[in-house]
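Colleague: Provided below for reference: sequence and predicted model.
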Amino acid sequence: MIPTSACLLLSAMLFCLGMLGVLLRKNALVIFMSVELMLNAANLAFIGFARQHGNTIGTSGHVSAFFVIAVAAAEAAVGLAIIIALFRTRKTLDVDEVRVMKH
Amino acid sequence: MNVEIILFFVFSVCTLVGASLVVFANNPLTSAMSLVATFFFLAAIYVLLYAHAIAALQVMVYAGAVMVLFLLVIMLLPLQNTPLPLRPSPARWVGALSTASVLGALIYASLQWQKSLETLTPTTQTTTMSQETLMRFGNLEEIGLSIYTKWLFPFEALSLLLLAAILGAVVIAKARI
């Protein structure tokens, strides 16, 4: 069996890579992809714990991961719509140049 | 070293390389394609953890639907002539430092958790599932049973959320309603 701490370590590294992307990058699209990476890191932790505690809690971790995937799909649709609207009004995706919500 | 752990290690390294490419590539198209690769390697890791249904969902929803949406937006917007390289600034240094500290905290927490697990008595340690339970563990039947009985209300609420997301996306992205 794969040690659960290995899953947690991989999940931590993946989460921090996503966090680095959100905090460092200027391109709104790449920031968005980094958010998806962070969501996937959370999913990996859920599934690792589900494997560890499968005897007592069953597949609850898998159900949580399922809900995360569904919410991430909804979030991607709305977020990309916001990015399109942003590009239409500002002609840029640079988040450093988007400081106010009105235009 | 059994083959499961070796495969896990290989897929982990591939996942981390793909994720680094997502974060540090200059072209958003490169980022998106490495994100697809990362999702596939993560699906492979889910299979190793006996989460077959979630692995299939990961490939269909993430690597399929969500990434098609991303690629569509990237190709819709004329981005090729406006690269946005990384420029260091004080805020970015603070961001990098805080990320490093979060990474340290998470690694410390998972190692502590592993240590606390080893001191538990064997009766509460639940690492060993019988081969029979393991065969049914992560398949669609098991998860569907759980979703449609125990988690029925959140599941139905999810359909409302998706409807709201569809309507919201259309309203926001449309130039003139």
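Modeller: Now that the structure is in, tell me what you want to look at.
Colleague: from here on, contacts and neighbour counts on C-alpha atoms
Modeller: OK.
Colleague: got any ranges where the chain has weak pLDDT?
Modeller: Reading this off chain A. For chain A, the stretches with pLDDT under 70 are A:102-103.
Colleague: could you do chain B instead?
Modeller: B:1, B:79-85, B:121-128, B:176-177.
Colleague: Please enumerate the helices of it.
Modeller: B:3-24, B:28-48, B:52-57, B:67-76, B:90-118, B:131-136, B:140-149, B:152-173 (DSSP state H).
Colleague: Repeat that for chain A.
Modeller: Counting by DSSP H, the helices of chain A are A:4-24, A:28-52, A:54-57, A:60-90.
Colleague: Alpha carbons only: can I get the third one in CSV?
Modeller: In CSV, the C-alpha atoms belonging to helix A:54-57 read as follows (Å, rounded to 0.1, in the frame of the first residue of the first chain):
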residue,chain,number,x,y,z
GLY,A,54,-11.4,3.0,4.1
ASN,A,55,-12.5,0.5,6.7
THR,A,56,-14.2,3.0,9.0
ILE,A,57,-15.5,5.8,6.8
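Colleague: In that helix, which residues are buried?
Modeller: Within helix A:54-57, the residues scored as buried using 16 or more other C-alpha atoms under 10 Å in any protein chain shown are A:54-55.
Colleague: Tell me how far that helix lies from the chain's centre.
Modeller: 27 Å (C-alpha atoms, centre = their mean, to the nearest Å).
Colleague: With chain B in mind, check whether that helix reaches it.
Modeller: Yes - residues of helix A:54-57 are located near chain B by C-alpha under 8 Å from any C-alpha of the partner chain, namely A:54-56.
Colleague: now swap in the second one and tell me
Modeller: Yes - in terms of C-alpha under 8 Å from any C-alpha, part of helix A:28-52 sits within range of chain B, namely A:29-30, A:33-34, A:37, A:44, A:47-48, A:51-52.
Colleague: Please apply the same query to stretch A:59-69.
Modeller: Yes - shown here: stretch A:59-69 in contact with chain B (C-alpha under 8 Å from any C-alpha) through A:59-60, A:62-63, A:65-67, A:69.
Colleague: What about those residues, which one has the most neighbours?
Modeller: With neighbours taken as other C-alpha atoms under 10 Å in any protein chain shown, the top of the residues of stretch A:59-69 next to chain B is residue A:62, carrying 29 neighbours.
Colleague: Could you count how many residues lie near residue B:20?
Modeller: So residue B:20, with other C-alpha under 10 Å, has 21 neighbours.
Colleague: residues in contact with it?
Modeller: Residue B:20 sits next to residue A:17 when contact means C-alpha atoms under 8 Å, 6 or more residues apart in numbering or on different chains.
Colleague: and the residue nearest to residue B:16 when sequence neighbours are not counted, how many neighbours?
Modeller: Distances taken as C-alpha to C-alpha, 6 or more residues apart in numbering or on different chains put residue A:14 closest to residue B:16, at 6.7 Å, once the chain neighbours are dropped. As a burial measure, residue A:14 scores 26 neighbours (other C-alpha under 10 Å).
Colleague: Could you do residue B:141 as well?
Modeller: 12.
Colleague: Next up, the contacts around it.
Modeller: Counted by C-alpha under 8 Å, 6+ apart, residue B:141 has zero contacts.
Colleague: Please compute how far stretch A:85-99 lies from its chain's middle.
Modeller: 22 Å.
Colleague: domains of chain B?
Modeller: B:1-79, B:139-177 (automatic domain parsing).
Colleague: Including distance to residue A:78, could those domains go into JSON lines?
Modeller: Formatted as JSON lines, the domains of chain B follow (distance: least, C-alpha to C-alpha, whole Å):
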{"stretch": "domain B:1-79", "distance to residue A:78": "11"}
{"stretch": "domain B:139-177", "distance to residue A:78": "5"}
